[in-house]
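K.L.:
Below is the sequence, then the predicted model.
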Amino acid sequence: GEDKKLKVWDVESGQVLWEKHDHRARVTSVDWSGSGEWIAVGEGDRTVKLWQVNSRAALTLGEHDTGEGKLIVQVNSVSFSPDSQHLLSTGEDATQRIWQLDNNNNVTQIAALRGHSGNVLAADWHPDGRRIASAGSDNDIRLWELPDEETTDIDLYGVQIDPKGEQLAGIHWDGSVEIWENTKGSLGRKLQTLPEQGAYITQLDFEEDRLATANDDGLLRLWNIDSGALKQTFEGHTDRVTVVKFDPDRSLLLSGGADRTLRLWDVESGETIRDWIAHEDEVSAITWHPNGQIIASGARDGTINIWDKQGKQTHTLPAHSAMVSALAFSPDGKELITTSMDKTIKIWRISDTSLQHTLTGHQQAISALSFADDGRVLISSGGDLKLWNARTGELLQTVEGTTVTAAESIALSDNGQWMVSSSVNSGT
């Protein structure tokens, strides 16, 4: 209830058997597990929690993301799968999250289903435990089919290829990173596993034998790929770090966070060179100009700012009506490409910041962006993959193949020969 309490009642007598007050916000949803062992609770402060009925001990699963233009989002519904091994939660962050409970009472988030363009109001399991129905404030009802466990890498939610196209890094929900050889567009032998980081990885970026991760514990971490050792920890953000990117010279790191700041770091020392308030809302995307002197940043409120490397703002683009999800300068540096949860792609001319093209056609929020063919082809992911003529905005091709949700990320090797995508329904 609104009083932040969970109460368990006896149906016959109408008496309260026990109650719990250990909630930080109003309790918005509850569900019993089929076994009767657990009660799941969704809260108004984005938290999902489990109560063990016998011991009455609490287990916090995790949190839904902050919503567009909001400091706190609400968990709208929680629902146990028919076998009680999984819990489904929905929230105002436009996601459904699937949590797995093992025999040792360890809980892992194994998937985040994205497709609704707004608040996911409710969802429930089909009796077979493989299908889900969801309803959203976008007036859509969506049916989801989860793949067989033996044929999926459902815990892999992010992927990136190194600049030379020789290695591929995959991010798992447990905070670990696996690195494989990329051989003719397929995964070769596993080269390294970076250990669990104790925090959700929001983004990563390669630099030859080093890999940087942005984490929701407010830290950035720099790893040696060959040894798997942690080389440096970067401290300075006061909230979760959302994005990270090496500069073209690979001597600097740029990061942005939920604290609305951008930070420029010296890679070797781990020291902050400068930091500044970049937006009125959480920083959601960043990119470097090929010359290494210009930075573009996007925020959850849809705004985009352009900066010089000294942190001086040069332009503001009121670009989108929803969160900016990806940014990229064209390889020649003449255009800036912006994408958003509003399902549009916009191409801006840098010389006068004029809007050249607005690309539409994706039916879901756009989650990733990349270039191919020396910048002549633009690739976007939003429920499907689309290839565009980057100069004219003409749609060249639509690649189907992700049936549950949009690719979480797409990446290309530098030579443009191989493209890799990952999604929660079919792995990589």
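P.N.:
Sure, I can see it.

K.L.:
where do the strands sit along the stretch 101-250 of the chain?
P.N.:
Counting by DSSP state E, counting those that start in this stretch, the stretch 101-250 of the chain has these strands, from start to end: 107-114, 120-125, 131-136, 141-145, 156-161, 167-172, 177-183, 186-194, 201-207, 210-215, 219-224, 230-235, 241-246.

K.L.:
Quick one: closest of those to P82.
P.N.:
Smallest distance to P82 across the strands of the stretch 101-250 of the chain (Cβ to Cβ): 6.1 Å, for strand 120-125. For glycine as for every other residue, the C-beta is placed from the backbone atoms N, C-alpha and C.

K.L.:
Show me what that closest one is packed against.
P.N.:
Other helices and strands packing on strand 120-125, by 3 or more Cβ pairs under 8 Å, 6 or more residues apart in numbering; DSSP states H and E, are strand 75-80, strand 86-91, strand 95-101, strand 131-136.

K.L.:
so where is the chain shaky, pLDDT-wise?
P.N.:
Per-residue confidence of the chain (counting by pLDDT under 70) places the weak regions at 61-73, 147-158, 163-165, 173-174, 182-187, 373, 400-428.

K.L.:
Please work out which of the helices and strands packed on strand 120-125 is packed deepest.
P.N.:
strand 86-91 (a mean of 25; mean count of other Cβ atoms under 10 Å).

K.L.:
Tell me how many other residues surround L143.
P.N.:
For L143, the number of neighbouring residues by other Cβ atoms under 10 Å comes to 9.

K.L.:
quick one: contacts for it?
P.N.:
Applying Cβ atoms under 8 Å, 6 or more residues apart in numbering, one finds that L143 lies in contact with 131-133.

K.L.:
Looking at those, which is nearest I337?
P.N.:
When the contacts of L143 are ranked by distance to I337 (Cβ to Cβ), I132 comes first, at 32.9 Å.

K.L.:
Please tell me how far that closest one sits from N76.
P.N.:
Here I132 is placed at a distance of 14 Å from N76 (Cβ to Cβ, to the nearest Å).

K.L.:
do the same with D247
P.N.:
When D247 is compared with N76 (using Cβ to Cβ), they lie 40 Å apart.

K.L.:
cool, and L121?
P.N.:
Distance from L121 to N76, by Cβ to Cβ: 5 Å.

K.L.:
tell me, what's touching those two both at once?
P.N.:
For the pair L121 and N76, residues contacting each of them under the criterion Cβ under 8 Å, 6+ apart are T90.

K.L.:
Buried residues in stretch 222-238, which are they?
P.N.:
By neighbour count on 16 or more other Cβ atoms under 10 Å, the buried set for stretch 222-238 is 222-223, 225, 232, 234, 236-237.

K.L.:
cool, and stretch 4-12?
P.N.:
Across stretch 4-12, burial judged by 16+ other Cβ under 10 Å covers 4, 6.

K.L.:
Turn the buried residues of stretch 222-238 into a markdown table, including distance to E207.
P.N.:
Compiled in a markdown table, the buried residues of stretch 222-238 are given as follows (distance: Cβ to Cβ, whole Å):
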| residue | distance to E207 |
| --- | --- |
| L222 | 9 |
| W223 | 10 |
| I225 | 9 |
| Q232 | 12 |
| F234 | 14 |
| G236 | 19 |
| H237 | 20 |
